[in-house]
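In: Coordinates only, no sequence provided:
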């Protein structure tokens, strides 16, 4: 059996784990809901929930990975009490990782397509309706979407095939540092635009009136949901990176670094979007429309907009691709852990499988556009299954596995989380009580809330 690969540096581990968490939700969801729910007031609430909801589960997932030295395919087998059935959960995490990639690769492909379109100057001289038309024509063109989706998959697979240190770690490091640098340049440009201060005020000044308007409980649900989903917990995607690190440093400090980096990118995205939208009188909407329709309209108005637009979509491509590489690495490691396959075989077999499974999402917008379940097309359905089902339920499993004596148990979890130097995870009685009895209820509440909003929405 091959010796388990390790990260060559702590920075590599933090950047890659953050890269897994930093994705499209940071850019097209966070700024919008922050603006809608009272700006700075919402950000404070979001940070509070991040601390009490997201962070503990990140520490748990990393602990299970490091304690077992395995991906989620085998981590429960290594750590569970004899005779228990926690290891069945591995099928659940494997399904979650595949399902996530079945739609995420298509959206990542859109980002790459838009980078090239922007760089080539395709948006120059177009009016608002024509800019919207570019997106409509991309999302109704099966072959074009398949091309970009397959290209994203092939890039990620090639990087993963180079191994953990030489491929995944080195290239993700460069991408993440570039992402942060591009972001700072874009923020500097956005805040120097005329009327940018209006946008900053809207985004960052606490406005409790607006929070009341939107409904205080609505704002609480939105902050809870965003803080929970932004870190990609529950699918074992972070556990894998825990399995690649040594015991030199405790895991609470590492989880804080990952969370801070993820939050930094989300907040900075708003610093690009709101000043730019306010400067040109464009409404910062939500979802794909914000990125593919609103922002190209903004860049069209901006001096040297083609360059700024290309930089923005390069940043978006890196954000999406870092998640794709991280999850692909997880999927590839499954076969290494489960069946001792050589790396190249796992890359090849899983690569073919991932590309084939990503095709229905593209077809769901083109040839099979009439096919819906509960009013959702294939992409929305896959997203709903992952975001509203597999991630909350997966988080619940990690949580219960770490705190109950029927699983790995509190003492084992605390010993693993706090091994090494650095910030320690609090082992106080009240913390244990909160994690055992209150946090599982909050996670269940988030899970139920997803269905409630779907039914009412």
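Out: Received it, and whenever you're ready, just let me know what you need. Fair warning: this is a prediction, and the values are worked out from it, not measured in the lab. Residues are numbered from 1 along each chain as shown.
In: C-alpha from now on. contacts and neighbour counts both.
Out: Noted.
In: other SSEs contacting the helix or strand where residue 145 lies?
Out: Counting by DSSP states H and E, the element that carries residue 145 is helix 142-161. Counting contacts by 3 or more Cα pairs under 8 Å, 6 or more residues apart in numbering; DSSP states H and E, helix 142-161 is packed against helix 89-120, helix 128-139, helix 305-339, helix 343-365.
In: 10 Å - rerun?
Out: helix 89-120, helix 128-139, helix 170-191, helix 305-339, helix 343-365 (3 or more Cα pairs under 10 Å, 6 or more residues apart in numbering; DSSP states H and E).
In: Same question for the longest one: list its buried residues.
Out: Put plainly, it is helix 305-339. By 16 or more other Cα atoms under 10 Å, the buried positions in helix 305-339 come out as 305-306, 308-337.
In: how about residue 299, what does it touch?
Out: Listed by Cα atoms under 10 Å, 6 or more residues apart in numbering, the contact set of residue 299 reads 118, 123-124, 276-277, 280, 305-310, 312.
In: State whether it is indeed within a strand.
Out: No: read with DSSP: H, G, I helix; E, B strand; the rest coil, residue 299 is helix and lies in no strand.
In: pLDDT at it, what is it?
Out: For residue 299, the model assigns a pLDDT of 93.
In: How much space separates residue 368 from residue 360?
Out: In this view, residue 368 and residue 360 are 8 Å apart by Cα to Cα, to the nearest Å.
In: Equivalent analysis for residue 232, please.
Out: 23 Å.
In: In terms of neighbours, single out the busier of residue 368 and residue 360.
Out: residue 360 (17 against 14; other Cα atoms under 10 Å).
In: one step back: who touches both of residue 368 and residue 360?
Out: By Cα under 10 Å, 6+ apart, the residues touching both residue 368 and residue 360 are residue 378.
In: got a list of what residue 313 touches?
Out: 110-119, 291-292, 296, 319.
In: which of these are buried?
Out: 110-115, 117-119, 291-292, 296, 319.
In: for the residues you listed, which one is nearest residue 30?
Out: Set against residue 30, the nearest of those by Cα to Cα is residue 291 (12.5 Å).
In: okay, that closest one: pLDDT?
Out: We have a pLDDT of 91 for residue 291.
In: Now for it: which residues touch it?
Out: Counting by Cα under 10 Å, 6+ apart, residue 291 has contacts 24, 27, 28, 111, 114, 273, 284, 285, 297, 312, 313, 316.
In: That one and residue 273, how far apart?
Out: 9 Å.
In: Which residues are in contact with each of these two?
Out: 27, 28, 284.
In: Could you dump these into JSON lines with pLDDT added?
Out: Listed next are the shared contacts of residue 291 and residue 273 as JSON lines, based on pLDDT from 0 to 100:
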{"residue": "27", "pLDDT": "85"}
{"residue": "28", "pLDDT": "81"}
{"residue": "284", "pLDDT": "81"}
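In: Which of those residues fall in helices?
Out: Among the shared contacts of residue 291 and residue 273, the ones falling in helices (DSSP state H) are 27, 28.
In: Neighbour-wise, which one of the shared contacts of residue 291 and residue 273 leads?
Out: Busiest of the shared contacts of residue 291 and residue 273 [other Cα under 10 Å] is residue 27, holding 25 neighbours.
In: contacting residues for it?
Out: Contacts of residue 27 (Cα under 10 Å, 6+ apart): 265-270, 272-273, 286-288, 290-291, 316, 319.
In: Could you report the neighbour count for residue 84?
Out: 12.
In: okay, it: pLDDT?
Out: 95.
In: Regarding it, what is its secondary structure?
Out: Here residue 84 is recorded as coil under three-state DSSP.
In: wait, it sits on residue 407?
Out: Yes: with contact defined as Cα atoms under 10 Å, residue 84 reaches residue 407; the gap is 7.9 Å.
In: Please enumerate the shared neighbours of the two.
Out: residue 76.
In: for the stretch 51-200 of the chain, which spans come out with low pLDDT?
Out: Of all residues in the stretch 51-200 of the chain, none has pLDDT under 70.
In: The same query, at a cut-off of 90, please.
Out: Scanning the stretch 51-200 of the chain for pLDDT under 90 picks out 195.
In: Now do the contacts for residue 305.
Out: By Cα under 10 Å, 6+ apart, the residues touching residue 305 are 118, 119, 121, 123, 124, 296, 297, 298, 299, 311.
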